Structures are given as structure tokens and as C-alpha cells.
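> Please find the sequence and the predicted model below.
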Amino acid sequence: QVQLVESGGGLVQAGGSLRLSCTASGRTFRPYSMGWFRQAPGKEREFVGGLIWSEALTYYADGVRGRFTTSRDTAKNTMYLHMNNLNPEDSAVYYCAASINKGPVTHSEYYDYWGQGTQVTVSS
């Protein structure tokens, strides 16, 4: 079993930056891909960004491309989400997810493991 733990959320002013971390523990961790999703109150969970673990090939939602960057440290079994130029519309609970098998990284149903989420609040 794999456990994912997110950290790094918090309150930031518009235009500010945050870095989220997602650390995996448990069984030998060799995912095919990992992703970041977010869910704001009253909205569906949406894809933010992700990567193919072995290649560091990254993917982003249109609304965050150019502002957010995802990366990973394989030695630490940790994925990061660097968020810059945040705006209030970025406020949400952010979740990380991991999938063992190849599939559509932008689709939440593809992932096998999920973290508990971390709150990001951007004030105007």
C-alpha cells in the first residue's frame, strides 16, 4: 500500500507563491505517473498538473500553464507543485495522486492512490 502526504498549503496574497509537496511512503514506490488536482467548494475536482515519473515529462491545465510547475525528487519519493502569481481563483484543496499503470494523466479516475489534501487560500 502507498500513502501520499501533501504539505505546504496555506494562506497567501494574490500575486504570491507557494510550493506544495507530496511525499510517498509504504511499498516500493514506482509510479508510472503522479498528478495534482484541486477542488474548490461547490466545484468538481479538476486536473492541475502532473508528470511521468521516470521521464519527468510534465502536463498542465491551461489555466495554470506558465504559472505552475511540477517536479519530482526520486530519491525522496516526493513530487512538488511550484505555484507562482497566485490569484483567488486558485483557492482550493489541492490533492496529489499516483498511478501505477500507464493512462490518461489528466483523468482523476485513472489514479490509484490519493493524498488527504492541503488547503490553499489566496486572498485578494
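Right, received. Where do you want to start? Numbering: from 1, shown residues only.
> And the residue nearest the centre of this protein?
Per Cα atoms, centre = their mean, the C-alpha nearest to the average position across the chain is that of Trp36, at 2.3 Å.
> Could you report the pLDDT at the closest residue to Thr69 other than its chain neighbours?
For Thr69, ignoring the flanking residues on the chain, the nearest one in space by Cβ to Cβ, 6 or more residues apart in numbering is His82 at 4.5 Å. Every C-beta, even on glycine, is put in place using the N, C-alpha and C of the backbone. According to the prediction, His82 has pLDDT 98.
> One more: the one 3 residues further on?
The predicted structure scores Asn85 at 98 on the pLDDT scale.
> Neighbours of it, how many?
Counted with other Cβ atoms under 10 Å, residues neighbouring Asn85 total 13.
> Touching, it and Thr69? I think so.
No - in this structure, Asn85 is not within contact of Thr69 by Cβ atoms under 8 Å, at 11.6 Å.
> Identify all contacting residues around the strand or helix carrying Met79.
Secondary structure from DSSP states H and E places Met79 in strand 78-83. Residues from elsewhere that reach strand 78-83, judged by Cβ atoms under 8 Å, 6 or more residues apart in numbering: 17-24, 34, 36, 48-49, 51, 64, 67-73, 90, 94, 96, 120.
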